[in-house]
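Enquirer: let's see this in three dimensions:
(one chain, ligands or ions: 4)
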Amino acid sequence: MDAKGNGEMAAAAAEDVERAIAGPTNPMVTPLLTDLYQFTMFYAYWKAGKHHERSVFDLYFRKNPFGGEYTVFAGLEECIKFIANFKMTEDEISFIRDSLPSSCEDGFFDYLRGIDCSDVEVYAISEGSVVFPKVPLLRVEGPIAVVQLLETPFLTLINYASLVATNAARHRFVAGKSKMLLEFGLRRAQGPDGGIGASKYCYMGGFDATSNVAAGRLFGIPLRGTHSHAFVSSYMSPDEIVEKSLQSSDGSHTCEDFVSLVQTWLNKIQWSPSLRGIFGETNQSELAAFTSYALAFPNNFLALVDTYDVVRSGIPNFCAVALALNDLGYKAVGIRLDSGDLAYLSCEVRKFFCAVAKDFGVPGFEKTGITASNDLNEETLDALNKQGHEVDAYGIGTNLVTCFAQPALGCVFKLVEINNQPRIKLSEDVSKVSIPCKKRSYRLYGREGYPLVDIMTGENEPSPKVGERILCRHPFNESKRAYVVPQQVEELMKCYWPGSSGKPRVELPALKDIRDRCIKQLEKMRPDHMRRLNPTPYKVSVSAKLYDFIHFLWLNEAPVGELQ
Ligand SMILES: Nc1ncnc2c1ncn2[C@@H]1O[C@H](COP(=O)(O)OP(=O)(O)OP(=O)(O)O)[C@@H](O)[C@H]1O
Ligand SMILES: O=P(O)(O)OC[C@H]1O[C@H](OP(=O)(O)OP(=O)(O)O)[C@H](O)[C@@H]1O
Ligand SMILES: O=C(O)c1cccnc1
Ligand SMILES: [Mg+2]
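Expert: Ligands and ions are numbered 1, 2, ... in the order given. Here you go, the predicted structure:
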């Protein structure tokens, strides 16, 4: 019989669960992925016997990116995976020993050997939530020295993730719900981690699929792709195609010469009533490439049509192949445009498809898919919408994944309490003054179901109640305040890592569920917060009690100047 008591068994079970959390996606995310000063401060804390002091840090940003008024919170799962597996190896410890001054005592390095995050608590807003400036995304509590080591990796895991997820959400907002959004950025991303991160967080922010195969495998993101110009220009003529037979979709018969069938259709299109005179000789190497691709993927035929001339070559060639496939019971997926005026060309292409559908009696052909790519961003999507277009799907790379419009989100990690004493960081710039105390935050919803305001309170204040009026104050501007009678109250931070507190831990959701939450939350926002031009700022506030305390502490900490 096992001699362990119930408590011990529960503790062991809890430990097993914690151990079961896999490490971060990127193996470079180790305890050394931090700034040197976190280790020098650690040593100084240790030397002073202060390293155990219980601290509370808030992770938050000060301004929404891309000139917008909302941000999508992303990167939490990777943070939890990091701390769940936080342990320094002998190699890492000896590297730190070599990197610190030789005067550092041996006992410190022995101490490092024992550290982990079992005494750290992390409270966080759910990943994929819409979030706003100043409201803590994470509250991290624990021994000050260890928690400080987490500052840099947490920021590096959250800043880009949230930035690119927000960028994706903004592209989705402009493109509209019905369009297919494909992330094509791997080749242009800031290195492999940037590429993998972009694929994960663009999906979270509302993209439908990625071209990044590794991301598909790691995260189960749907994979999509077309083909490149190189594939088209690699062919010289249809004579190159040796294996010309194609079995019909239902397996009932085989077309022995698919290449000739395509040629026959090209002639028919050329002389059809609606298309006569639109094009003459099309490019034969392009026709060969399309035919060959269709033979390889009769069920997934999608052709890049802009290598030579979209209207005079790419589209007629595509239609010839698509109609030949149609004879055999296959339905072509569509085309991709990668240059030129995408609004104009997409409309011309649609007209061509409609003419084919009508002239040859192929119902549904007019709906053949049109994908557009080439340096797209929010502005070009917006311009296309204004001009009118026929694009069904967008492939977006460079501007999306590099976050070209704004390269960084300024999340920070600030001490708000130590040994139960609230701390404040002052600044000449009011927006940089930190909000002290261990806090709780709530989202208050109004009568129409929209979120009205986020409010931070002291940790022990009673929570706002549905139907009860509460005063919401701007944290720093005395004249800005409002009463709110919430119709719904949502507490924002949940316990994602209980440390030794014994609190229940919220499970990490699947990426698809985080994405669903994100899409749902974005849809729930009042439209004026979401618009691209001069959006209305969402209100972020503090309770009256917290307001008074912030200003009391501010006066206490700020030295009084002396005029001479
Ligand atoms: N209708 C449109 N309105 C606004 N912007 C557009 C429209 N169509 C395309 N664009 C954008 O205009 C830019 C055109 O790119 P660029 O001037 O390099 O020409 P291109 O079409 O790529 O030519 P090529 O590839 O043949 O050199 C791209 O950023 C594209 O997204
Ligand atoms: O334009 P982005 O938004 O970055 O999207 C990805 C681009 O990458 C591919 O070609 P690539 O740019 O490598 O070559 P190309 O410009 O000559 O087509 C593709 O054809 C897209 O144009
Ligand atoms: O599949 C595509 O069409 C693709 C993939 C990556 C970059 N550009 C295009
Ligand atoms: Mg390009």
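Enquirer: please count neighbours and contacts with C-alpha atoms only from this point.
Expert: Will do.
Enquirer: get me the contact residues on the stretch 201-350 of the chain for ligand 2.
Expert: Neighbours of ligand 2 within the stretch 201-350 of the chain, by Cα under 6 Å from any ligand atom: Asp338.
Enquirer: helices of the stretch 201-350 of the chain, residue ranges please.
Expert: Along the stretch 201-350 of the chain, counting by DSSP state H, counting those that start in this stretch, helices occupy 213-219, 229-233, 258-270, 284-296, 315-327, 342-359.
Enquirer: just put these in a markdown table and tack on mean pLDDT, mean neighbour count and distance to Ile96.
Expert: Below are those laid out as a markdown table (pLDDT from 0 to 100; neighbours: other Cα atoms under 10 Å; distance: least, Cα to Cα, whole Å):
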| stretch | mean pLDDT | mean neighbour count | distance to Ile96 |
| --- | --- | --- | --- |
| helix 213-219 | 98 | 15 | 32 |
| helix 229-233 | 98 | 15 | 49 |
| helix 258-270 | 97 | 19 | 66 |
| helix 284-296 | 98 | 23 | 55 |
| helix 315-327 | 98 | 25 | 61 |
| helix 342-359 | 98 | 19 | 55 |
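Enquirer: of all the ones you listed, which one is nearest His529?
Expert: Nearest to His529, of all those, is helix 342-359, at 28.0 Å by Cα to Cα.
Enquirer: CA atoms only: put that closest one into PDB for me.
Expert: The C-alpha trace of helix 342-359 is given here as PDB (Å, rounded to 0.1, in the frame of the first residue of the first chain):
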ATOM      1  CA  LEU A 342      -6.200  44.100 -59.100                       C
ATOM      2  CA  ALA A 343      -9.600  45.800 -59.000                       C
ATOM      3  CA  TYR A 344      -9.800  46.200 -62.700                       C
ATOM      4  CA  LEU A 345      -8.300  42.900 -63.600                       C
ATOM      5  CA  SER A 346     -10.600  41.000 -61.200                       C
ATOM      6  CA  CYS A 347     -13.600  42.600 -62.800                       C
ATOM      7  CA  GLU A 348     -12.400  41.700 -66.300                       C
ATOM      8  CA  VAL A 349     -11.700  38.100 -65.200                       C
ATOM      9  CA  ARG A 350     -15.200  37.800 -63.700                       C
ATOM     10  CA  LYS A 351     -16.700  39.100 -66.900                       C
ATOM     11  CA  PHE A 352     -14.700  36.500 -68.800                       C
ATOM     12  CA  PHE A 353     -15.900  33.700 -66.500                       C
ATOM     13  CA  CYS A 354     -19.500  34.900 -66.900                       C
ATOM     14  CA  ALA A 355     -19.200  34.900 -70.600                       C
ATOM     15  CA  VAL A 356     -17.800  31.300 -70.600                       C
ATOM     16  CA  ALA A 357     -20.600  30.200 -68.200                       C
ATOM     17  CA  LYS A 358     -23.200  31.600 -70.600                       C
ATOM     18  CA  ASP A 359     -21.600  30.700 -74.000                       C
END
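Enquirer: which residues touch it?
Expert: Around helix 342-359, the neighbours that count as contacts under Cα atoms under 8 Å, 6 or more residues apart in numbering are 269, 272-275, 310-311, 315, 319, 337, 362-368, 370, 372, 384, 387-391.
Enquirer: next: stretch 154-171.
Expert: With Cα under 8 Å, 6+ apart as the criterion, stretch 154-171 contacts 59, 65-66, 70-76, 78-79, 197-198, 201-207, 377-378, 381, 400-401, 403, 408-413.
Enquirer: what about those residues, which are in strands?
Expert: 59, 71-72, 412-413 (DSSP state E).
Enquirer: could you give the number of residues near the closest residue to Pro133 other than its chain neighbours?
Expert: Closest residue to Pro133 apart from its sequence neighbours, by Cα to Cα, 6 or more residues apart in numbering: Arg62 at 4.7 Å. Counted with other Cα atoms under 10 Å, residues neighbouring Arg62 total 17.
Enquirer: renumber starting at 627 from here on
Expert: Done: numbering now begins at 627, and the last item shifts to Arg688.
Enquirer: SS state for Arg688?
Expert: Classification of Arg688 using DSSP: H, G, I helix; E, B strand; the rest coil returns coil.
Enquirer: that one touches Cys1037, doesn't it?
Expert: Yes. Taking contacts as Cα atoms under 8 Å, Arg688 lies within contact range of Cys1037: 7.1 Å.
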